[in-house]
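**Q** Give me the fold of what follows.
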Amino acid sequence: MKRHGNVPTNIKGATVKLVKWFLQPSQKCGWGVFVLVGGFFVALFVWGFNAFADVTNKMNFCVSCHEMQINLAEYKKSIHYANRTGVRASCADCHVPKEFGPKLLAKVVAAKDVWHTLIGTIDTPEKFNAHRMDMAKRVWAKMEASGSRECKNCHNFEAMDLEQQGRRPKQKHPQAMQDGKHCIQCHKGVVHELPEGFERD
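**A** Below you'll find the predicted structure:
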């Protein structure tokens, strides 16, 4: 191995190639600069989005539109709001994924809610109930597609003590586990009222 001073020639050659790569295609702006600047903006976007998500996932934000007062009243009657263990699931726990990609998609899709607030699609109890079936079906389809992912952040078949459950769930949960079923396939109307005309399978 040839040496140039105290530095082996092949190491010096690799360093020169790396520097050239950073400076190509011109002396002013190279690929390395694009990588560093691009990485900075990606990191800034991820940080900014997570900060935005943290704010918009808070309960106070979720129910700040008056249309959501109907949902809030129903939620406050549910076991997700008050129960013997004191564990409370908020809006985002059920409706917003925790993983970055699905969370980003959920927030983009949720932009339609702002539009519908502006045009008053569900701004009265009558309008809300007229749209309740469509809204419920969209949420159920989303939960179905994800395999009840958000439910499973808290509920897990393997962690259930069936002896502590009532007669019906004690019978149903082992069969559901064996059949590969997940939460939303059986549990609809847990927090919000079921739409008028809904029939269970």
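
**Q** May I have the phi/psi pair for Gly180?
**A** As for Gly180, its main-chain torsions (degrees, to the nearest 10) stand at phi 70, psi 30.

**Q** Number the residues from 826 up from this point.
**A** Fine by me, first position is 826 from now on; the one you just mentioned is Gly1005.

**Q** ok, it - contacts?
**A** Listed by Cβ atoms under 8 Å, 6 or more residues apart in numbering, Gly1005 has no contact partners. For glycine as for every other residue, the C-beta is placed from the backbone atoms N, C-alpha and C.

**Q** Show the pLDDT at it.
**A** The model reports Gly1005 with a pLDDT of 94.

**Q** can I assume Gln990 is in contact with Gln996?
**A** No - judged on Cβ atoms under 8 Å, Gln990 makes no contact with Gln996 at a distance of 9.3 Å.

**Q** Any figure for the gap between the most centrally placed residue in the chain and Asn882?
**A** A centroid search over the chain (Cα atoms, centre = their mean) returns Pro922, at 1.6 Å, as the residue closest to the centre. From Pro922 over to Asn882 the distance is 11 Å, taken as Cβ to Cβ, to the nearest Å.

**Q** got it, and Leu930?
**A** Taken as Cβ to Cβ, the span from Leu930 to Asn882 is 15 Å.

**Q** Which residue of those two possesses the greater neighbour count?
**A** Neighbours were counted for Leu930 and for Asn882 using other Cβ atoms under 10 Å; Asn882 has more, 18 against 12.

**Q** so what's that one up against?
**A** Asn882 neighbours (Cβ under 8 Å, 6+ apart): 915-917, 921.

**Q** what about the closest residue to His891 other than its chain neighbours, distance to Phe886?
**A** Nearest non-adjacent residue to His891, counting by Cβ to Cβ, 6 or more residues apart in numbering: Asp948, 7.1 Å away. Distance of Asp948 to Phe886, given as Cβ to Cβ: 18 Å.

**Q** roughly how far out does stretch 949-964 sit from the chain middle?
**A** For stretch 949-964, the separation from the chain centroid amounts to 22 Å (computed by Cα atoms, centre = their mean, to the nearest Å).

**Q** Could I get the CA-only coordinates of it as CSV?
**A** C-alpha atoms of stretch 949-964 as CSV (Å, rounded to 0.1, in the frame of the first residue of the first chain):
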residue,chain,number,x,y,z
THR,A,949,-77.9,20.5,14.4
PRO,A,950,-78.9,17.2,16.2
GLU,A,951,-81.3,16.5,13.3
LYS,A,952,-78.6,16.8,10.7
PHE,A,953,-76.2,14.8,12.8
ASN,A,954,-78.6,11.9,13.2
ALA,A,955,-79.4,12.0,9.5
HIS,A,956,-75.7,11.5,8.8
ARG,A,957,-75.0,9.2,11.7
MET,A,958,-75.1,5.9,9.7
ASP,A,959,-72.7,7.2,7.0
MET,A,960,-70.3,8.5,9.6
ALA,A,961,-70.4,5.3,11.6
LYS,A,962,-69.9,3.1,8.6
ARG,A,963,-66.8,5.1,7.6
VAL,A,964,-65.3,4.7,11.1
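
**Q** Go through that stretch and flag the buried ones.
**A** Going by neighbour count (16 or more other Cβ atoms under 10 Å), the buried part of stretch 949-964 is 953, 957, 960-961.
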